[in-house]
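Visitor: Predicted model follows, preceded by the sequence.
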Amino acid sequence: MPVPSDAVGRQTVPITHVVDARWLMSYAAGLGEHDAVYLDTARPEGIAAHPLFPVCVEWPTVLALQGVESIAAAVTPEETRRGIHATHDCVLERPIVPGDVLTTVATVIGVERRRPGAFLTMDMISTDTSGAVVCRTRQGSLYLATDVSGPDRPAPADDPLPPVEGDPVATVEVAVDAGAAHVYTECARIWNPIHTDLAVALAADLPGLILHGTATLAHGVSAAVRHLGGGDPRSITRIRGRFGAMVPMPSALTVRLYGDGRFDVCTPDGATAIRDGHVQVG
């Protein structure tokens with residue numbers, strides 16, 4: 001059934017999480033990050049969150065979107081399974097720290113027709129107990145082979161990125177082992193069976209288990225922290241990227257970093273898994 005464009009403006013229920021050191025450390029370790037800044041709780045300044053950790057508290061809100069009035073009545077479970085994470089733009093107003101109590105609400109801000117299917121954009125905003133915004137993410141999802149009912153209502157245009165210029169300032173190789181998605185699922189607390197249940201993946205017409213898109217993006221961000229952010233994850237204030245090729249497991253990724261904060265992530269066959277990647281430092 002078509003995705004209704006009158007879903008624009010609808011919100012999910014608020015979802016609250018307590019962020020503890022164990023979760024922050026697990027997320028970093030699940031990505032293979034072993035630097036003290038992520039794991040050494042004896043540091044006077046404490047541990048830092050990986051810059052893409054917000055996806056952990058946002059995931060239940062993504063699921064809650066399926067219960068939003070008008071979407072729940074129109075989008076079938078089969079169409080939901082054909083939904084893919086297409087774009088990601090996260091702004092960190094301040095670093096997430098152990099002890100944060102974060103409440104996240106998602107608002108649909110765009111529904112439009114694209115050639116492959118219906119494109120839905122939502123804003124997810126996470127606030128602390130004082131009501132201050134800690135992070136905000138604009139996420140685009142594509143429902144393949146699904147139409148839109150009603151007139152197109154696209155999200156407001158974002159500021160475009162300039163084209164990449166020059167050669168990479170660093171190239172990083174990242175090994176992705178056969179159990180990478182299972183580890184990421186548990187450490188991030190993000191469960192989507194296409195990443196860990198082979199029967200479900202095959203039923204969804206996938207060639208096999210694939211790595212989470214957010215894990216692939218996080219590997220690019222990790223490389224950017226080391227080579228562009230001086231090793232300090234708290235230096236990253238914005239993350240953008242578009243999802244492309246699937247990453248099978250086992251596999252290997254190549255992250256190419258450019259001096260202007262741009263990056264991309266490629267698979268062994270040269271396909272681009274993350275394109276238009278960008279981190280803002282400071």
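Guide: All right, it came through fine. Numbering: from 1, shown residues only.

Visitor: For beta bridges, what are the partners of the nearest residue to E93 once chain neighbours are set aside?
Guide: Closest residue to E93 apart from its sequence neighbours, by C-beta to C-beta, 6 or more residues apart in numbering: V133 at 5.1 Å. In short, each C-beta sits where N, CA and C put it, glycine included. Under the criterion DSSP bridges, V133 forms beta bridges with T127.

Visitor: For V133, the count of nearby residues, please.
Guide: As a burial measure, V133 scores 13 neighbours (other C-beta atoms under 10 Å).

Visitor: My read is that it contacts T127, right?
Guide: Yes: here V133 reaches T127: they are 5.5 Å apart, a contact under C-beta atoms under 8 Å.

Visitor: List the residues that contact the residue nearest to D100 when sequence neighbours are not counted.
Guide: With sequence-adjacent residues excluded and distances taken as C-beta to C-beta, 6+ apart, D100 is closest to V19, at 4.4 Å. Going by C-beta atoms under 8 Å, 6 or more residues apart in numbering, V19 touches 49, 53, 57, 96-102.

Visitor: Can you report how many residues neighbour the closest residue to L211 other than its chain neighbours?
Guide: Leaving aside its chain neighbours, L211 sits nearest to V247 (4.1 Å; criterion: C-beta to C-beta, 6+ apart). Residues within reach of V247, counting by other C-beta under 10 Å, total 27.

Visitor: now L209
Guide: 23.

Visitor: pLDDT score for it?
Guide: Confidence at L209, expressed as pLDDT, is 96.

Visitor: Relative to the whole chain's centre, how far out is the lengthiest helix in the chain?
Guide: What stands out as the longest helix in the chain, according to DSSP state H, is helix 213-228. From the chain centre to the centre of helix 213-228 is a distance of 11 Å (C-alpha atoms, centre = their mean, to the nearest Å).

Visitor: any idea of the mean pLDDT for the helix or strand following it?
Guide: Tracing the chain past helix 213-228, the next element assigned as helix or strand by DSSP states H and E is strand 236-243. The average pLDDT for strand 236-243 rounds to 98.

Visitor: Next, the residues that contact strand 236-243 from outside, please.
Guide: With C-beta under 8 Å, 6+ apart, strand 236-243 has contacts from 51-52, 84-92, 161, 213, 216-217, 220-221, 224-225, 229, 273-282.

Visitor: Of these, grab the buried ones for ChimeraX.
Guide: To isolate the buried members of the contacts of strand 236-243 in ChimeraX, using 16 or more other C-beta atoms under 10 Å:
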select :51,52,84,85,86,87,88,89,90,91,92,213,216,217,220,221,224,225,229,273,274,275,276,277,278,279,280
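
Visitor: isn't there a strand covering T146?
Guide: No: secondary structure assignment places T146 outside any strand; it is coil (DSSP: H, G, I helix; E, B strand; the rest coil).

Visitor: What is the burial count for it?
Guide: Per other C-beta under 10 Å, the neighbour tally for T146 reads 23.

Visitor: Tell me the pLDDT of it.
Guide: On pLDDT, T146 comes in at 91.

Visitor: do the one 3 residues further on as well
Guide: You'll see S149 listed with a pLDDT of 95.

Visitor: which ones are touching it?
Guide: 1-5, 74.

Visitor: Most neighbours among those residues, which one?
Guide: Counting neighbours by other C-beta under 10 Å, V3 leads these with 26 neighbours.

Visitor: Not counting its neighbours along the chain, what's nearest that residue?
Guide: V3 sits nearest to A118 (C-beta to C-beta, 6+ apart), 4.0 Å away.

Visitor: The one you found against V148, yeah?
Guide: Yes: counting by C-beta under 8 Å, A118 does reach V148; the two are 4.8 Å apart.

Visitor: Tell me who's in contact with the residue nearest to L211.
Guide: By C-beta under 8 Å, 6+ apart, the contact set of V247 is 176, 210-211, 216, 253, 267, 273.

Visitor: how about V200, secondary structure?
Guide: With three-state DSSP as the criterion, V200 reads helix.
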